[in-house]
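>>> just to be clear, the model below is a prediction. Sequence and coordinates:
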Amino acid sequence: MIKIEPPQVGDEARRREPFLNDVPHPERSAFFFYLNTSKLGITLNVSTATGRKIFQELVRESDIVVEDNPPQAMKELGLDYESLAGKNPRLIMTSITPFGQYGPYRDYKAYHLNTYHGSGVAKILASILPEDTPMPTKGPGFLGDYDCGLNAAIATMAALYNRLFTGRGQHVDISKQESLIATERIEIDMFGNNERGSTVWLQYMVGGLQRCKDGYVMITLGGKHHWEGLIKLLGNPDWAQDEKYEEEINTYIHAQEINKHIAEWMINQSKEEVYHRAQALNCPIGMVNTVEDLVASEQLQVRGFFAEVEHPEMGKFKCPTASYRFSKTPLRFELSAPLLGEHNEEVFGKRLGYTPEELTHMRGAGII
Amino acid sequence: MSRLPLDGIRITDFTWAWAGPYATLLLAFMGAEVIKIETNKRPDHARLRALATGPGAKDPDLSPIFNDLNLNKVAITLDLTQPKAVALAKRLVSISDVVAENFRPRVMDRLGLGYNALKEVKPDIVMLSSSSVGAVGPESKYAGYAPIFAAHGGLAHLTGYPETRPVPLMGSSDLRSAATTAFAILIALYHRARTGEGQRIDLSSVETISVLIGDALLDYIMNGRVPIRKGNRDEIMAPHNCYPCQGEDKWVSIAIATEEEWQSFCDVMGNPPWIRDEKFSDAYRRWQNQEELDRLIGDWTINYTHHEVTERLQQAGVAAIPSFDGTELFQDPHLKERGFATEVTHPKIGKRIVLAPPWKFSDTPAQISRRGPLLGEHNEYVFGDLLGIPKAEIAQMEEEGVFY
């Protein structure tokens, strides 16, 4: 993975917090680090003729180009899929934009806030926010951008797999809006069929979010066996002995009343104790974890979710890795995130054959 | 019809509820043949128990949610507590490329369908196991559903507003876990195609959520800070919020990153006197005083519809878009032109609008070719046509309840 950044300024993410020890510095953004480990980093100004030529040379030796410029930008530079694939028909190009490569909103500008709201998922989230919340609200951080990245990775892998059989690449058009819509596929489909969303059924949900003395837990039951586990957890209280609860449907119908009983009990408990005891009783409960809880989690530790990494400017620290473990192709987490232009010599010199003199001149000319 | 990326790939799919089926749905959109194994004893959650079907659903073929998560798939019934059913499942695996399951860890082993057993009948099988917190570790037996993944994975604590409770999202956490699952299967298929080697994949749904807050985790690891919910706010940008517009519960989102955008924004608003207030004179001051700033902007947006604000600001190069509700998405000309939804006809449900695949491939368009299957609809095709079991033998096993 060769990451191309504009010379001098680099990726915008380098200016995003969090920074190590809260000291802003382009090489100390944990945000940039997290999104760019295991990549090589080069700087290249593709708005110059020489920069474009080098980019084309690089693309000729690449399998995949991933870009997130406005739809017309690559075309104006002569670096659109048609132009690039002419020299490398095996090329796969994945273009990521807020609203896709075509359609009336194609050229609309949008940041994460806008794509989150423009996809309808903020209004869906609003339906489960506390009642007095004044306005629709986005998901935390850059949730929707991560969703889009994953969606683009799926499509890119599929195109790569397809190429094994056809020898041909293709252009993949990924819209952030559509990627986010996909995360609420079930809810959004209901509106397409003139139905209200599923939140109208929330009143029938036994458990749900419950407050403990030291935080919150989330209870989601998936059957009568889970209900029985919950009742054991609560110490077989009298109210739960009512015959009507033999029929699971009655637990839904009386969910609001049941939830009041659960709340009364739960407020005196600690979330971690509830979590382990409930799960031992076959009742699905999770804690509302903070990042502190997650970093301390034994489960995550045993699974190796956090890897020890080392960065020349930031030193050694733990970093989240991935949610999957492959038995034969384990994740490699060897490379740190690149410093700005760290691999210019390696990529431009060793791979593309430019001499140190040429690189010096190009650096002076603001090309690399 | 052009080739689809996963043409020729067959998936034996033991998954149920939402997180597993949405993963295999994504692969079915790409051309994989997905054979879903169910039993009448315990039909897929999405057929009867899904919250959204309401309490008391009785007919397993009437769930629109099941239909939506199982388009393009074929469905068979096998009572896996019977040895003959297990033997049939293994035969199916022997002609499959992928096995997907999301039972609790060790259930497949107990059924005699663990990775080692399946590897014997299909040495290069790719086996994906998705569970709440993964197949290893002290909590590996623990169960969970989507809102628990969001809570436990750290997302709920960061969703909503600091002064009110955390928000555990809902079904979207299943779909996020599922998308990650589909990605992992594609990687394993690519590896297999190049080396001939299959493998098993152990996926934790909770971890699929935790990776989405990596920056917050690093803020704690590096700075000891425990971030909390901040609504629509950003760490740098202001204005960065939703603003009220004409109509009931209509809002427009506006985000401003540069001084140039701020100037254009002020021009569109007609440069009201308050923009010259010291409090709003640079990006940092606007960020510091954003509560008041938001109120003043809201006094302007309320005079227009969310579409009017969007058009005027976009023309000036300012990022704005309505906060659409579900109904508006289906009326939106942009999404219409991109074909984001399509219609399928289901024999019991009737006509149903469903969302199209979320990618546009230039050469191998992903597609919806069929509505979701009825319970056990394809027993004849799979056991007769695919496995070549004689009719008499099928009838005999039917009698014995193997296909229940």
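Yep, that arrived.

>>> show me where the stretch 1-150 of chain B has its helices.
Along the stretch 1-150 of chain B, counting by DSSP state H, counting those that start in this stretch, helices occupy B:19-29, B:45-48, B:64-69, B:83-94, B:107-110, B:115-121, B:146-152.

>>> any idea of the mean pLDDT for the third one?
Right, helix B:64-69. For helix B:64-69, the mean pLDDT works out to 95.

>>> how about it, does it reach chain A?
Yes - looking at helix B:64-69 against chain A by C-beta under 8 Å from any C-beta of the partner chain, the contacts come from B:Pro64, B:Ile65, B:Asp68, B:Leu69. All C-beta atoms are positioned from the backbone trio N, CA, C, and that covers glycine.

>>> so who does the first one touch?
Each residue near B:Pro64 by C-beta atoms under 8 Å, 6 or more residues apart in numbering or on different chains is listed here: A:Asp189, A:Met190, A:Asn193, B:Thr53, B:Ile349, B:Arg352.

>>> would you mind giving these as a markdown table with secondary structure and distance to A:Tyr111 added?
Shown next, in a markdown table, are the contacts of B:Pro64 (DSSP: H, G, I helix; E, B strand; the rest coil; distance: C-beta to C-beta, whole Å):
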| residue | secondary structure | distance to A:Tyr111 |
| --- | --- | --- |
| A:Asp189 | helix | 27 |
| A:Met190 | helix | 28 |
| A:Asn193 | coil | 31 |
| B:Thr53 | helix | 37 |
| B:Ile349 | coil | 39 |
| B:Arg352 | strand | 34 |
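
>>> in the residues you listed, which has the lowest confidence score?
Among these, B:Thr53 carries the weakest pLDDT, at 57.

>>> backbone dihedrals for the residue lying closest to A:Met74 once chain neighbours are set aside, both of them.
Nearest non-adjacent residue to A:Met74, counting by C-beta to C-beta, 6 or more residues apart in numbering or on different chains: A:Asp80, 4.6 Å away. Main-chain torsions, A:Asp80, degrees, to the nearest 10: phi -80, psi 170.

>>> okay, now A:Asp80: neighbour count?
The tally of other residues near A:Asp80 (other C-beta atoms under 10 Å in any protein chain shown) stands at 20.

>>> which residue ranges make up the domains of chain A?
A:2-187+A:322-364, A:205-296 (automatic domain parsing).

>>> the last one and chain B in contact?
Yes - Domain A:205-296 reaches chain B (C-beta under 8 Å from any C-beta) through A:205, A:208-209, A:211, A:216-218, A:220, A:222-223, A:249, A:252-253, A:279, A:282, A:284-295.

>>> surely B:Trp16 and B:Thr39 touch.
No - here B:Trp16 lies out of contact with B:Thr39, judged by C-beta atoms under 8 Å, at a distance of 10.0 Å.

>>> please say which of the two ends up with more neighbours.
A direct count of neighbours by other C-beta under 10 Å for B:Trp16 and B:Thr39 places B:Trp16 higher, at 23 against 20.

>>> how about residue 159, nearest residue that isn't a chain neighbour?
Chain wasn't specified; assuming chain A. Closest residue in space to A:Ala159, ignoring its immediate chain neighbours: A:Ile92 at 4.6 Å, by C-beta to C-beta, 6+ apart.

>>> switch to chain B, please.
Distances taken as C-beta to C-beta, 6+ apart place B:Val167 nearest to B:Thr159, at 4.2 Å, with adjacent residues excluded.

>>> wait, what's in contact with the one you found?
Taking C-beta under 8 Å, 6+ apart, one finds A:Leu125, A:Ile128, A:Leu129, A:Pro130, B:Ala156, B:Thr159, B:Gly160, B:Arg229 in contact with B:Val167.
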